[in-house]
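Student: Got a predicted model here, sequence first, then my questions.
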Amino acid sequence: MQVTLEKLPGLERKLTITVLADRIENEAQAKLHKIAATAKMPGFRPGKVPFAMLQKRYSDSAHADTIEKLMRETYAEAVKQEKLNPAGMPRIEIISAKQKEPFIYSAVLEIYPEVKLGDLGQIKVEKTVAKLTDDDVNEMLEKLRKEQVQWKKITDPARKSQAGDQLTVDFTVRAIEKSAAEVKTEKNVKFVLGDGSMWDDFERQLYGVLAGEKKKYTLKFPPTHMDKELVGRDAEFEVEILEVCEPVLPLLDDKFAEKFGIKDGGLEGLKTEVRKNLERELQNVLKNAFKNTMMNKLLDSNPIEVPKVLIENELDRLAERWQERFAHQKTEKKLPEFPRKEFEPQAQRSVSLGLLLSAVIKENNIKAEQKELRAKIEEMASIYDDANKMVDWYFADPNRSMEIQALLLEEKALDHLASKAEVVEKEVSYKDAVAKG
């Protein structure tokens, strides 16, 4: 076998491989002898067909099978000989495949880049830290109260609508044009004054009103209006207030806690559960924020060339997830086509990070022990009611547990990077941390 290696632009390499005719002939003859042992032809017992007749009948197919087999074998041999690390399948071009002559073909492939990590000690990274306060817990309890709100119809003629009230209205809107007016009517529209669900200018006219009143006013459609054709145009609104209701919030007591499945501990038990959930959310947000910051720093300080085939593979994976996402939506409309071009930067970033983190793991001999894997899976399963069942579910499928192992290795690699980098902490409030997360 003769091999020549040509370096193409980027990470592409071209192998030109020549397989000597003797090797092909020997392999083809061995293939024919194997066929002869069981071959059946009219007038002959199985295995007793004259070899010359077999050659005439099976020579071409034996040669084709031999070429296919030797192509697989010699490609692997050539890659090993030239010490290449292919990133994907090659593009094969057959140059010559005549019988009794050398078999010549070329293989164009991409190789993995050689990753040389920079000095991790030179990386300076900001780490956001935050603490959960009693005020944060109380604010969440208040939010839970509002989710359990009951609406009481206002009958007192002296009590006019104010922020926080729920209004039910009918309204007609006419978009004013020089030539015509477009009319649209909405019935029994419910919204809460001041919660942002309606256009500010529209609901500003509805403070201080009573059920049964009618209002008429002209407004200009704002830039944020969903119908872009109406943006900037004047419109006349006729609004009839059908009902005004005030909110009645439940008391924060043991009975309120029972609505959230707290059977023991009452209100204090609910506060403990809320604090635990908020703390878990905060730690996840902070962890993910620092993880993204570390990954960005790793990318910025270690620019690498990425094999195109790996980017295409990642785009295929993203396209599959895209289709799965929309496949569950029951609609007669055609599913939107995956915007492959738009996702290229994301795919390149994912592949680059994968290569860099693999280099960190390899260089530092980072491993995930079985006990660490179990601890990670138990941590992830702890949010479910039947945590033990979820742990068994993860371990029941090797692919699922391997995904968690990969995640664990990634976390350990990032922890290693953080231990080497200069980390500067920046303290923010719980609200700010969660909002950025």
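Tutor: Alright, I've got the coordinates.
Student: For this structure, just list every one of the strands.
Tutor: Residue ranges of the strands in the chain, as given by DSSP state E, are 2-7, 12-19, 91-96, 103-110, 124-129, 150-153, 166-176, 181-192, 214-220, 234-248, 422-427.
Student: in this structure, which spans are helices?
Tutor: Listed in chain order, the helices of the chain (DSSP state H) span 21-36, 51-81, 134-147, 200-204, 254-258, 266-301, 308-327, 344-363, 370-381, 387-396, 398-420, 430-436.
Student: rewinding a little: would you tell me which of the strands of the chain gets closest to A319?
Tutor: strand 103-110 (20.2 Å; C-beta to C-beta). Yep, even glycine has a C-beta here, placed from its N, CA and C like the rest.
Student: Dump the C-alpha coordinates for that closest one into CSV.
Tutor: Taking C-alpha atoms only, strand 103-110 is exported to CSV below (Å, rounded to 0.1, in the frame of the first residue of the first chain):
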residue,chain,number,x,y,z
PHE,A,103,-6.6,0.2,-7.0
ILE,A,104,-6.2,4.0,-6.5
TYR,A,105,-8.6,6.2,-4.6
SER,A,106,-8.5,9.5,-2.6
ALA,A,107,-10.0,10.4,0.8
VAL,A,108,-10.6,14.0,1.8
LEU,A,109,-11.2,14.3,5.6
GLU,A,110,-11.1,16.9,8.3
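Student: got the domain boundaries for this structure?
Tutor: Following the assignment in automatic domain parsing, the chain carries domains at 2-110, 150-248, 257-327+336-436.
Student: M140 is nearest to which of those domains?
Tutor: Per C-beta to C-beta, nearest to M140 of the domains of the chain: domain 257-327+336-436, 5.3 Å.
Student: quick one: average pLDDT of the closest one?
Tutor: Averaging pLDDT along domain 257-327+336-436 yields 92.
Student: Relative to the whole chain's centre, how far out is it?
Tutor: Going by C-alpha atoms, centre = their mean, to the nearest Å, the spacing between the C-alpha centre of domain 257-327+336-436 and its chain's C-alpha centre is 11 Å.
Student: roughly how far apart are Y384 and K83?
Tutor: Y384 is 48 Å from K83, where distance means C-beta to C-beta, to the nearest Å.
Student: These two - which one has more neighbours?
Tutor: Shown here are Y384 and K83; by other C-beta atoms under 10 Å, Y384 has more neighbours (12 against 8).
Student: Could I get the phi/psi values of the more buried one?
Tutor: phi -90, psi 150 (degrees, to the nearest 10).
Student: Do I have it right that it meets M390?
Tutor: Yes - taking C-beta atoms under 8 Å as the definition, Y384 is a contact partner of M390 at 4.8 Å.
Student: How many neighbouring residues does Q348 have?
Tutor: 17.
Student: That one reaches N313, doesn't it?
Tutor: No - counting by C-beta under 8 Å, Q348 does not reach N313; the two are 11.8 Å apart.
Student: The domains of the chain: which one's closest to L120?
Tutor: Nearest of these (C-beta to C-beta): domain 257-327+336-436, 3.9 Å.
Student: how far does the closest one stretch from start to finish?
Tutor: 30 Å (C-alpha to C-alpha, to the nearest Å).
Student: From here on, call the first residue 335.
Tutor: In the new numbering, first residue 335, that becomes domain 591-661+670-770.
Student: Surely V337 and A410 touch.
Tutor: No - V337 lies out of contact with A410 (C-beta under 8 Å); the separation is 11.8 Å.
Student: More neighbours: those two, which one.
Tutor: Set side by side, V337 and A410 show more neighbours around V337, with 16 against 11, by other C-beta under 10 Å.
Student: any idea how far I351 is from the residue nearest to that one when sequence neighbours are not counted?
Tutor: Leaving aside its sequence neighbours, V337 sits nearest to A412 (C-beta to C-beta, 6 or more residues apart in numbering; 4.6 Å). A412 sits 5 Å away from I351, going by C-beta to C-beta.
Student: Quickly list what's touching both of these two.
Tutor: M335, V337, A441 (C-beta atoms under 8 Å, 6 or more residues apart in numbering).
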